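In: need the 3D shape of this:
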Amino acid sequence: MEKKTIRLLYPQWQGGDIARLVPEVPDVGDASRGYALGARLLHFLAPQSGAETYEVPVAMDRGERITAGSVLDRDVIAAQAKAALDLLHVAGPDKIVTFGGDCSASVVPFAYLAHKYEGDVAVVWIDAHPDLTLPGDAYTGFHAMALAACLGLGEPALTGLLPARIDASRVLLAGVRDWERDEVKERARSLGVAPSHARRAEGRRLAADRLARRDGRKPRRGASRPRRARPVGNRSGRRAGAGRPASGRSGAYGAASGRCVRAGGPHRGRTDAPHRSVAALHAVAAATALTSCPSGFGPAGSRRTRGRHPHADIV
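Out: Numbers count the residues shown, from 1 in each chain. Predicted coordinates for the structure are as follows:
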């Protein structure tokens with residue numbers, strides 16, 4: 001039976017707090033709704049595939065932004081999450097291409113697929129930030145809580161709507177360069193959500209152990225040490241982003257085994273972000289080691305940009 005893929009246009013902007021991130025922007029309302037415009041632009045630019053498109057209704061009015069449960073615009077986001085779930089239940093897709101929106105547009109599609117496949121999913125979260133903020137932390141924007149919500153953590157009025165959660169052991173962080181606050185880094189460690197370099201180090205250790213057993217040697221515990229990551233450069237030794245990009249690449253592309261790939265996270269405050277993400281994207285190809293999911297391949301892009309920006313998910 002042929003798998004059904006849909007395109008989900010989810011121009012949610014309420015998860016971002018532009019006034020907090022970029023106080024220099026004079027019109028906060030227009031800046032926030034830039035997320036919505038970005039979602040439509042991504043959808044317009046994406047190659048047509050014949051898949052049906054479903055659009056989540058998103059409020060665009062300039063009403064007062066209210067914080068409830070330590071989440072900015074919580075009630076609006078909850079209403080839009082319900083609408084998104086209703087659309088997905090009607091469409092019944094096997095795969096979803098989501099065009100957001102702020103990062104929290106990822107939450108409902110991932111939860112839907114985790115429910116559909118009874119937890120047999122994995123997430124490769126490619127982002128400059130881990131998005132593991134919780135209510136009560138210093139920042140109230142839901143886009144910084146997106147991955148935590150996928151894990152079932154956070155404001156009950158939002159996580160209680162989700163049909164399933166994703167186990168932290170099935171999540172790989174790639175491209176994280178800013179943990180934002182110490183408590184977020186400690187939270188990731190306590191949850192067991194490992195960044196890609198830690199998973200690569202563990203993979204090398206396991207491979208060394210297998211080779212040792214094959215050769216009749218005793219595995220050396222603690223002997224495998226992760227190599228220091230090097231920035232990607234061209235043959236002249238220059239860093240990508242300083243002049244001509246490495247191998248002519250202005251962005252990074254990769255493929256993932258598994259149903260959920262979150263691609264193109266923000267690179268706030270840097271203009272040379274892609275060369276860091278290139279190395280991280282190599283971890284995407286190894287995602288099959290984290291899950292028993294059937295393979296589903298899709299592009300994972302890293303864009304040169306400043307500030308938080310809309311993104312697309314390949315799920």
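
In: what's the burial count for Ala144?
Out: 27 (other CB atoms under 10 Å). Backbone N, C-alpha and C define where each C-beta goes, glycine included.

In: show the contacting residues for it.
Out: By CB atoms under 8 Å, 6 or more residues apart in numbering, the residues touching Ala144 are Cys103, His129, Asp131, Thr133, Glu180.

In: measure the nearest residue to the third one once chain neighbours are set aside to Gly216 for me?
Out: Nearest-residue entry for Asp131: Leu147, 4.1 Å, with adjacent residues in sequence omitted and distances by CB to CB, 6 or more residues apart in numbering. The span separating Leu147 from Gly216 equals 43 Å under the rule CB to CB, to the nearest Å.

In: ok, these two, which is more surrounded?
Out: Under the neighbour definition other CB under 10 Å, Leu147 and Gly216 were set side by side, and Leu147 has more, 30 against 6.

In: mind listing the strands for the stretch 51-200 of the chain?
Out: For the stretch 51-200 of the chain, strands defined by DSSP state E, counting those that start in this stretch occupy the ranges 52-55, 67-68, 71-72, 95-100, 123-126, 171-174, 194-195.

In: partner strands of the first one, parallel or antiparallel?
Out: So that's strand 52-55. Strand 52-55 sits in its sheet next to strand 5-10 (parallel), going by DSSP bridges.

In: show residues contacting the strand it pairs with.
Out: Strand 5-10 is contacted by residues 39-40, 43, 46, 49, 51-56, 58, 84, 87-88, 91, 93-101, 105, 108-109 when judged by CB under 8 Å, 6+ apart.

In: OK, contacts around Ala81?
Out: Val107, Val108, Leu158, Leu161, Leu162.

In: pLDDT at the nearest residue to the third one once chain neighbours are set aside, what is it?
Out: If I follow you right, that is Leu158. Of all residues not flanking Leu158 in the chain, Ala78 sits nearest, at 5.7 Å (CB to CB, 6+ apart). Note on Ala78: pLDDT of 98.

In: so how far is Ala144 from Ala78?
Out: Look at Ala78 and Ala144: by CB to CB, they are 17 Å apart.

In: below-threshold pLDDT in the stretch 201-315 of the chain: ranges please.
Out: Counting by pLDDT under 70, the stretch 201-315 of the chain shows low-confidence ranges at 201-206, 220-315.

In: ok, Arg65 touching Asp73?
Out: Yes: judged on CB atoms under 8 Å, Arg65 makes contact with Asp73 at a distance of 5.6 Å.

In: between those two, point out the one with more neighbours.
Out: Neighbour tally, Arg65 and Asp73, criterion other CB under 10 Å: the higher count belongs to Asp73, 26 against 15.

In: now do the same contact list for the residue nearest to the more buried one when sequence neighbours are not counted.
Out: In this structure, Asp73 finds its nearest non-sequential neighbour in Gln14, 3.9 Å apart by CB to CB, 6+ apart. With contact set as CB under 8 Å, 6+ apart, Gln14 has these partners: Ser32, Val58, Ala59, Arg65, Leu72, Asp73, Val76, Ile77, Gln80, Asp102, Phe142.

In: and Gln14, which of the three is it?
Out: Classification of Gln14 using DSSP: H, G, I helix; E, B strand; the rest coil returns coil.

In: could you give the bridge partners of Ala174?
Out: The partner residues for Ala174, given DSSP bridges, come to Ile126.

In: can you pull the pLDDT of it?
Out: 90.
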